[in-house]
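Engineer: my questions concern the predicted model and sequence given below.
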Amino acid sequence: MFHCHINKKTDVLKYFLGETWEDDHHNDYDYDLFDDPEMILQRKLSLNDLWVSQKPYSTLALAQRSSSLDDFLWKVMEKSFQSSSGQLDLFVRFLHGLCLESNQTLLGGLLGQTENSPENLQSVIDNLKWKNNNEISPERSINIFHCLMEMNDLSVHQEIQEFLKSENRSDKLSEIHCSALAYMLQMSELVLDELDLQKYNTSYQGRLRLIPAVKNCRKARLTNCRLSATHCKVVASALKSNPSHLTELDMSYNDLQDSGANLLCAGLESPNCRLETLRLADCRLSETHCEVVVSALKSKSSHLKELDMSYNDLQDSGVKLLCAVLESPNCRLETLSLSGCLITEEGCTSLAAALNSNPSHLRELDLSYNHPGDSGMKLLLAGQKDSYWRLDTLRYGENV
């Protein structure tokens, strides 16, 4: 493929890369966002401390300048992103490694006349550092970092090592920094105690790139970071991994939707899952999602002790589904939070009936900011006094 690029065998390139090979170069570099060359330059400089800031080029020349080498390599990179299996990732790394003169020398004259100018190589490196694609999995974006390593650019790796050694974690991290950090945390022999995305000074795209590190941490706080099904798939993979280290997971304040909820619950059903605490507050869940969650909680392999589904539109129908979990002999729940879930007297009656038939392990129940009605609360309060129940704490009303 590299040989075809150098020797301008466009038919082969078009066959591999598709018709997009003939598209305008700038569209692939997100320049379609700007029409003004000055704006293009400012975009690049704001995302990274690029080498062009020290070079004597005009802004117009920089905006219009295109390197066929970096254009070719990024198109191959984007081609690899289209594969969900990552089957082209190693191939992409290999191609970036071929940019180095030392590697080309090993191949003798097989490649032909190559473009080895420092300017071309630096352009490839700069593209890898600042290019961002929100549609790819954060796991796949780590391959961009690997390509930098193949080109012997160790700057990002060294910067992240310094970041990990430093007690001051307030430094701004770029997207490529976050990919590198996620890889290093994921591969570390030491299991991270907690991964809290909000504690990192980066963009929301950068926080999403950190998600693969959940595979090597005990507690993960992924709150309010615009999670999609792609990111839920990464979390589910962490829950299924052997061994799985995750015991506490907070994904509150994300719009998980059906696809994300289904992927997450597939991870919960895994026999390798060791999760004990799950928080899904304000994730726009409904009765439909309750069915999926209930299916996971009823499995014999479930270790879940704390579940927070507050501020979701569960209503009485969703609560009835959760009652099936409380009645299950496999249920290990000790804390259940259903604050602000539009629960009425009917739902509270179902909860009281479930706890009466099987006290399970439930010790704490939060029903604040609902509409339980007098009869529903009387049943729950009466049950709480029953020595047969294990319920120690019952929260209700609005002044909690």
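Structural biologist: That came in fine, so what should we check first? All values reported here derive from a predicted model rather than from experimental measurement.
Engineer: which ones are touching Tyr200?
Structural biologist: Contacts for Tyr200 were tallied using C-beta atoms under 8 Å, 6 or more residues apart in numbering; they are Arg169, Leu173, Cys178, Gly206, Arg207, Leu210. All C-beta spots, glycine's among them, are computed from the backbone N, C-alpha and C.
Engineer: take the residues you listed and write them to TSV, including secondary structure.
Structural biologist: Formatted as TSV, the entries for the contacts of Tyr200 read as follows, by DSSP: H, G, I helix; E, B strand; the rest coil:
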residue	secondary structure
Arg169	coil
Leu173	strand
Cys178	helix
Gly206	helix
Arg207	helix
Leu210	coil
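Engineer: give me the buried entries from those.
Structural biologist: Neighbour counting by 16 or more other C-beta atoms under 10 Å classes Leu173, Cys178, Gly206, Arg207, Leu210 among the contacts of Tyr200 as buried.
Engineer: before we move on, the earlier item: from the contacts of Tyr200, which shows the smallest pLDDT?
Structural biologist: Taking pLDDT as the measure, those have their low point at Arg169 (78).
Engineer: list the contacts for it?
Structural biologist: Neighbour list for Arg169: Phe163, Lys199, Tyr200, Asn201 [criterion: C-beta under 8 Å, 6+ apart].
Engineer: for the contacts of Tyr200, which one is nearest Phe145?
Structural biologist: Proximity of the contacts of Tyr200 to Phe145 (C-beta to C-beta) peaks at Cys178, which lies at 9.5 Å.
Engineer: tell me the SS of the closest residue to Phe81 other than its chain neighbours?
Structural biologist: Computed as C-beta to C-beta, 6 or more residues apart in numbering, the closest residue to Phe81 that is not its neighbour in sequence is Ile136, at 4.7 Å. In the three-state summary, Ile136 is assigned as coil, counting by three-state DSSP.
Engineer: wait, isn't Ile136 in contact with Ser80?
Structural biologist: No: taking C-beta atoms under 8 Å as the definition, Ile136 is not a contact partner of Ser80, at 9.4 Å.
Engineer: can you pull out the strands in the chain?
Structural biologist: Secondary structure of the chain by DSSP state E: the strands cover 192-196, 217-221, 248-250, 277-279, 306-308, 335-337, 364-366, 393-395.
Engineer: now those strands in TSV, with distance to Leu69, mean pLDDT and mean neighbour count?
Structural biologist: As requested, the strands of the chain are arranged in TSV below (distance: least, C-beta to C-beta, whole Å; pLDDT from 0 to 100; neighbours: other C-beta atoms under 10 Å):
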stretch	distance to Leu69	mean pLDDT	mean neighbour count
strand 192-196	37	97	15
strand 217-221	38	98	20
strand 248-250	43	98	20
strand 277-279	47	97	20
strand 306-308	51	96	19
strand 335-337	55	96	20
strand 364-366	59	96	19
strand 393-395	63	93	14
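Engineer: reformat the ones you listed as CSV; add distance to Val12.
Structural biologist: What follows is the strands of the chain, written out as CSV (distance: least, C-beta to C-beta, whole Å):
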stretch, distance to Val12
strand 192-196, 44
strand 217-221, 44
strand 248-250, 47
strand 277-279, 50
strand 306-308, 55
strand 335-337, 59
strand 364-366, 63
strand 393-395, 67
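Engineer: tell me which of those lies nearest to Leu128.
Structural biologist: When those are compared for distance to Leu128 using C-beta to C-beta, the nearest one is strand 192-196, at 24.6 Å.
Engineer: which residues does that closest one contact?
Structural biologist: Applying C-beta under 8 Å, 6+ apart, the set of residues contacting strand 192-196 from outside is Leu185, Leu210, Ala213, Val214, Asn216, Cys217, Arg218, Lys219, Ala220, Arg221.
Engineer: what do you get if the cut-off is 6 Å, keeping everything else the same?
Structural biologist: The contact list for strand 192-196, computed with C-beta atoms under 6 Å, 6 or more residues apart in numbering, reads Leu185, Ala213, Asn216, Cys217, Arg218, Lys219, Ala220, Arg221.
Engineer: skipping adjacent residues, who's closest to the first one in space?
Structural biologist: Once flanking residues are discounted, Leu185 sits nearest to Ala213: 4.0 Å by C-beta to C-beta, 6+ apart.
Engineer: the one you found contacts Ala182, doesn't it?
Structural biologist: Yes: counting by C-beta atoms under 6 Å, a contact exists between Ala213 and Ala182, whose distance comes to 4.6 Å.
Engineer: quick one, which of the two is more surrounded?
Structural biologist: More crowded of Ala213 and Ala182, by other C-beta atoms under 10 Å: Ala182, with 28 against 24.
Engineer: residues contacting that one?
Structural biologist: By C-beta under 6 Å, 6+ apart, the residues touching Ala182 are Arg209, Leu210, Pro212, Ala213.
Engineer: for Ala238, state which of those is nearest.
Structural biologist: Lowest distance from Ala238 to those (C-beta to C-beta) belongs to Pro212, with 8.3 Å.
Engineer: give me every residue that touches that closest one.
Structural biologist: Pro138, Glu139, Ala182, Gln186, Val234.
Engineer: could you rerun that using 7 Å?
Structural biologist: Contacts for Pro212 were tallied using C-beta atoms under 7 Å, 6 or more residues apart in numbering; they are Pro138, Glu139, Ile142, Ala182, Gln186, Val234.
Engineer: Met187: neighbouring residues, count only.
Structural biologist: Number of residues near Met187 (other C-beta under 10 Å) recorded here: 10.
Engineer: one step back: keep only those of the contacts of Ala182 that are in helices.
Structural biologist: When DSSP state H defines the helices, the subset of the contacts of Ala182 inside them is Arg209.
Engineer: which one of the contacts of strand 192-196 is nearest Asp386?
Structural biologist: For the contacts of strand 192-196, the nearest to Asp386 is Lys219 (34.8 Å; C-beta to C-beta).
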